[in-house]
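Undergrad: need coordinates for the below:
(chains A and B)
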Amino acid sequence: MNLPCIITALPAESRPLIEHFKLQGQEFNGLQLYTSDHCLLLQTGIGKLSAASKVAAALQERSDITGIINVGIAGCDAPLGTQVVAGCVEDAGSGRRWFPHLPPLRSLPNVKSVVVQTHDKPEIEYKKELAFDMEAAGIFNAARGKLDSSAVHSIKVVSDNKKSQVTSIDKVQVLNWMASCIPAVEIMIDYLHDPTLAHVHEVDEFVASLSQQIRFTVTQTHQLHRMATQHLTLRGCLPNINSANTTAKAVLLRLKNELANMPLSYTLPSAKDA
Amino acid sequence: MDTIYIEDRIREHHRTLAILKRYPKARIISIERYNEVFNNASQNFRKQKQNPALILAHKEGERVLPTPDQYHIGGKHNYYFSHMLNCIYDCRYCFLQGMYRSANYVVFVNYEDFFADIKTAAMQHEKPSWYFSGYDCDSLALEPITQFVEHCLDAFSDTPQAWLELRTKSTQIRPLLSRPAINNCVVAFSLSPEEIVQAEEHKTASLQKRITALQQLQTNGWKIGLRFDPLIQCEGFEAIYGRMFEQVLSAIDIEAVHSVSLGPFRLPRDFHKKMIKLYPDSKLLSAQLEFNGTHVSYPEATETAMIEWCETTLLNHITPAQYFPCVST
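TA: Next up is the predicted model:
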């Protein structure tokens, strides 16, 4: 199943998203997590260290998270309320960079891509095409290894600029800006959807169920998983195994023989222009 | 192209500027070296393939490399070069899916360095040497953007002892038709039965369109090559492939064909492992293959039967001198 997790730092950033996605608060091993069947929200607090440790903990506890969207406010030389998406996330301290693979332009036509640079303290040397925040690099660093570059993103809304600096940020404005981000967040959630997961999930359940009835070694479990996947792909259904009076070895042999007799079949459903 | 990464050092290169002009709305992201994006470990090839980004880079180091021993079409000295990494097509059997972590396209804009290296390599040999351009990409598919082949043909015109093979599934042959054919270039088309084109070679031109392109090239004096590669085992193999051979060979001047090769579907074991993870729902990759040392392939008897049948059929039409077996990619 696809399960995206939205990451925010502040309560004012979280509230409009919690309301919109109808999330329920949950104390989860010290994590401020808000959940539903379709999406999660994790509020990390300010700063990249806090963000990194909480995201790492959430990914450890919730292995079903399949994507991350960091949403929050940032400083940039752009009008207040402008939404931007990170084409690159940079840790100002270490210089380390991450390059999220962005969705097509047509799906986010009015959201410009920028470099999101993460600082330890608020930064006021505002620049065009550079947004300052305090969490993104921590989030990307923590997600590295668990999620790929298509599955971790950062959407920011400009909250301070040369004319209206960080000390002038107003909570009500933040709530409004975050509410305005919701369409972009929804587009990103759609983009994170991985069609292969349903296929894998179906096989996982089959293997888990059969393993409760017949004892498979670790190697045999891998073999069963692979052959069940092949069966599902080639036949359109999982194998029908009667678990009574049989062994793991016999099941695998039967599947191997069945698969050997499933040749690929190609037909011309509609002549392309032959 | 939605997103274009550009290496800082070629930001002002004339080819970079020309390519950027074609994509005024693209997101532009500066990078130091192409591999910080392209070789990153955490990438999803399948997801990226839905909207690949373009990476413009400068190729350093070795640009012209010797081919594996079995990769030749009659020449003694064989090299390959890649002005581009990855392909705009999405063929489910393609080894690039297993070889690269990223589906983004890399285009190296310093073409002249490639041509200089080819000239240097060619001068090392008394006999003609061969240069294969379609190993890590399709030679022609991105030509409207890169215009690489146009420049490449100029370079090979000046180096007659060097022979060029352009390998393609593309019908972007305008740059070839708009100039006189050169003697030392073979335009080789990868060909599969239309049934397989539709099911496995996503986004490519149909078999008939490729045949039409071959005809046009022959009419304009270009040497052509036929690459029946990879051969895919399927129900009714002989009927399906027999129909294709008939369709192709009846449409062109067979005597004038430079070379014909075929190769079975075969993948390095590691690539196959990565590919079935990416595409658990692919029928082609779910078919029964056997581990054969470092490769996976059809069972030996199956593979031999496929090749023998194709060889026998082809050799009824072409001469043994035109035929180069089992050039596997």
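Undergrad: starting at the chain centroid, how far to the longest strand anywhere in chain B?
TA: Ranked by residue count, the top strand of chain B under DSSP state E comes out as strand B:223-231. Computed by Cα atoms, centre = their mean, to the nearest Å, the chain-centroid distance of strand B:223-231 equals 11 Å.
Undergrad: please enumerate the helices of the chain.
TA: All of this is about chain A. Counting by DSSP state H, chain A has helices at residues A:11-20, A:48-61, A:136-143, A:171-192, A:196-213, A:218-235, A:248-260.
Undergrad: actually chain B
TA: For chain B, the helices defined by DSSP H cover B:14-22, B:35-38, B:45-50, B:96-99, B:111-123, B:143-146, B:148-157, B:174-177, B:194-200, B:207-219, B:237-249, B:269-278, B:283-286, B:300-315.
Undergrad: name the spans of the chain whose pLDDT lies under the cut-off.
TA: This is for chain A. A:269-274 (pLDDT under 70).
Undergrad: correction: the question concerned chain B.
TA: Using pLDDT under 70, chain B drops low at B:326-329.
Undergrad: mind checking how far the residue nearest to B:Arg9 when sequence neighbours are not counted is from B:Phe115?
TA: In space, and not counting its chain neighbours, B:Arg9 is closest to B:His58: 5.7 Å by Cβ to Cβ, 6 or more residues apart in numbering or on different chains. Using the backbone N, CA and C atoms, a C-beta is placed for each residue, glycine as well. As for B:His58, its distance to B:Phe115 is 15 Å (criterion: Cβ to Cβ, to the nearest Å).
Undergrad: also A:Asn257?
TA: The gap separating A:Asn257 from B:Phe115 is 55 Å, by Cβ to Cβ.
Undergrad: the two: which is more packed in?
TA: B:Phe115 (22 against 9; other Cβ atoms under 10 Å in any protein chain shown).
Undergrad: and residue 58, what does it touch?
TA: With no chain named, the answer covers chain A. A:5, A:28, A:31, A:33, A:40, A:42, A:65 (Cβ atoms under 8 Å, 6 or more residues apart in numbering or on different chains).
Undergrad: think we crossed wires, I meant chain B
TA: Counting by Cβ under 8 Å, 6+ apart, B:His58 touches B:7, B:9-10, B:13, B:108-110.
Undergrad: so which pair among the residues you listed is furthest apart in space?
TA: Across these, the longest distance by Cβ to Cβ is 11.9 Å; it joins B:Arg9 and B:Phe108.
Undergrad: looking at the two, which is more packed in?
TA: The neighbour comparison of B:Arg9 against B:Phe108 (other Cβ under 10 Å) goes to B:Phe108, with 25 against 14.
Undergrad: tell me what the more buried one is bridged to.
TA: Counting by DSSP bridges, B:Phe108 is bridged to B:Ala57.
Undergrad: is it true that it touches B:Met84?
TA: Yes - with contacts counted by Cβ atoms under 8 Å, B:Phe108 reaches B:Met84, the gap being 7.1 Å.
Undergrad: residue furthest from the geometric center of chain A?
TA: Distance to the chain centre peaks in chain A at A:Asn245, reaching 43.0 Å (criterion: Cα atoms, centre = their mean).
Undergrad: who touches the residue in the stretch 51-200 of chain B that chain A sits nearest to in this structure?
TA: Scanning the stretch 51-200 of chain B for proximity to chain A using Cβ to the nearest Cβ identifies B:Glu195 as nearest, at 3.7 Å. By Cβ under 8 Å, 6+ apart, the residues touching B:Glu195 are A:266-268, B:234, B:240.
Undergrad: what's the nearest residue to it if we skip its chain neighbours?
TA: A:Tyr266 is the one closest to B:Glu195 (Cβ to Cβ, 6+ apart), at 3.7 Å.
Undergrad: what parts of the stretch 51-200 of chain A come near chain B?
TA: The stretch 51-200 of chain A comes close to chain B at residues A:87-88, A:97, A:99, A:101-105, A:112-113, A:115, A:144-145, A:147-151, A:194-196, A:199-200, as judged by Cβ under 8 Å from any Cβ of the partner chain.
Undergrad: phi, psi of the residue nearest to B:Arg9?
TA: The phi and psi values for B:His58, taken as degrees, to the nearest 10, are phi -110, psi 130.
Undergrad: for the helices of chain B, which one sits closest to A:Lys22?
TA: helix B:45-50 (27.7 Å).
Undergrad: ok, that closest one near chain A or not?
TA: Yes - contact of helix B:45-50 with chain A (Cβ under 8 Å from any Cβ) involves B:46-48, B:50.
Undergrad: most neighbours among those residues, which one is it?
TA: Ranked by the number of neighbours (other Cβ under 10 Å), the residues of helix B:45-50 next to chain A place B:Lys47 first, at 22 neighbours.
Undergrad: returning to that earlier point: most tightly packed of the helices of chain A?
TA: Across those, averaging neighbours per residue (mean count of other Cβ atoms under 10 Å in any protein chain shown) puts helix A:136-143 on top, at a mean of 27.
Undergrad: now that one, how far from the centre of its chain.
TA: Put simply, helix A:136-143 sits 12 Å off its chain's centre (Cα atoms, centre = their mean).
Undergrad: list the helices and strands it packs on?
TA: Counting contacts by 3 or more Cβ pairs under 8 Å, 6 or more residues apart in numbering or on different chains; DSSP states H and E, helix A:136-143 packs against helix A:48-61, strand A:67-75, strand A:83-91, strand A:97-98, strand A:112-118, strand A:152-160.
Undergrad: wait, what's in contact with the most centrally placed residue in chain A?
TA: Computing the C-alpha centroid of chain A and ranking residues by Cα atoms, centre = their mean puts A:Gly67 first, at 0.6 Å. Taking Cβ under 8 Å, 6+ apart, we find A:Gly67 in contact with A:2-5, A:147, A:151-153, A:189, A:192.
Undergrad: compute the first-to-last residue distance for stretch B:159-178.
TA: End-to-end distance for stretch B:159-178: 20 Å, by Cα to Cα, to the nearest Å.
Undergrad: then stretch B:125-139?
TA: End-to-end span of stretch B:125-139 (Cα to Cα): 25 Å.
Undergrad: ranking the contacts of B:His58 by neighbours, who comes first?
TA: Neighbour counts for those (other Cβ under 10 Å) peak at B:Phe108, which has 25 neighbours.
Undergrad: how close does that one get to B:Asp8?
TA: The gap separating B:Phe108 from B:Asp8 is 15 Å, by Cβ to Cβ.
Undergrad: over to B:Gln288?
TA: Distance from B:Gln288 to B:Asp8, counting by Cβ to Cβ: 49 Å.
Undergrad: ok, the two, which is more surrounded?
TA: A side-by-side neighbour count of B:Gln288 and B:Asp8, using other Cβ under 10 Å, places B:Gln288 first with 18 against 11.
Undergrad: residues of the stretch 51-200 of chain B that sit close to chain A?
TA: When proximity is defined by Cβ under 8 Å from any Cβ, the stretch 51-200 of chain B lies next to chain A at B:51, B:53, B:104, B:193-199.
Undergrad: who wins on neighbours among those?
TA: Among those, B:Pro193 has the most neighbours (other Cβ under 10 Å), with 27 neighbours.
Undergrad: against B:Cys94, how distant is it?
TA: The spacing between B:Pro193 and B:Cys94, counted by Cβ to Cβ, is 17 Å.
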